[in-house]
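Q: no sequence for this one, just the structure:
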């Protein structure tokens, strides 16, 4: 009875305005037809509290440095807001309702924290110095999905069949991140992206061995790729 009525009521709401939110309150989201009161529930993040405290401390230092005396969100809440967006992809509208602030405040808070994190990221030279203590490093590329229209061909990845930004990543042998490159349009191939960022030259000059996927075969000696037989015999490989 009651549960069926609840489910039926939810199903009758305009889908575009029923949002999963991230705190312990109820709130209203404006609809073209009415103002709906929706439920807000707690949501987990697989991020350590140490990482959250690190970002909150950096935000406090930044706010003291620029002389910011009052914020709609304290540094700890701003850090949580940012992590929720970066880690879970929670939208601005969802975060605005969950934190009970405006979407413009959400945007400014996330933009400020993201810019601050960018200034703390290591440069390629710093990453190469850290990599020199490792047996070897791993190089791979990833596509960060974005919303784009079909006309934006430079951002369309033929490999992934979607729009995005190409980011090159260096890790240690255990997969721990050493460096992430600035983003390039998704149509840029991984080999070209690595050259444009100077990754291959930097590793070769430092004499660091690097492993990459088979898409980079035929490149400098310090850039090793799996033999074709090894790829075909891999237990996760399914011949087509």
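A: Perfect, I can see it now. Please read all numbers here as calculations on a predicted model, not as lab measurements.
Q: Strands of the chain, residue ranges please.
A: Here the chain has its strands, by DSSP state E, at 26-30, 35-39, 137-145, 156-157, 162-171, 177-180, 184-185, 210-211, 223-224.
Q: Now tabulate the ones you listed in CSV and tack on distance to residue 121 and mean pLDDT.
A: Just so you know, the C-beta spots here come from the backbone N, C-alpha and C atoms, and that holds for glycine as well. Formatted as CSV, the strands of the chain follow (distance: least, C-beta to C-beta, whole Å; pLDDT from 0 to 100):
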stretch, distance to residue 121, mean pLDDT
strand 26-30, 35, 49
strand 35-39, 37, 63
strand 137-145, 15, 89
strand 156-157, 23, 80
strand 162-171, 12, 90
strand 177-180, 7, 92
strand 184-185, 16, 90
strand 210-211, 20, 88
strand 223-224, 23, 60
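Q: Quick check: which of the ones you listed is nearest to residue 74?
A: Taking C-beta to C-beta, strand 26-30 is the member of those nearest to residue 74, at 19.6 Å.
Q: who's in contact with the most centrally placed residue in the chain?
A: Nearest to the mean C-alpha position of the chain, by C-alpha atoms, centre = their mean, lies residue 86 at 5.3 Å. Residue 86 sits next to 110, 114 when contact means C-beta atoms under 8 Å, 6 or more residues apart in numbering.
Q: before we move on, what about the one 10 residues further on?
A: For residue 96, the contacting residues are 102-103, 105-106, by C-beta under 8 Å, 6+ apart.
Q: Let's see if you can find the most crowded of these.
A: When neighbours are taken as other C-beta atoms under 10 Å, the top entry among the contacts of residue 96 is residue 106 (26 neighbours).
Q: ok, it to residue 195 distance?
A: 37 Å (C-beta to C-beta, to the nearest Å).
Q: Any stretches of this structure with poor pLDDT?
A: For the chain, the stretches with pLDDT under 70 are 1-38, 148-152, 214-240.
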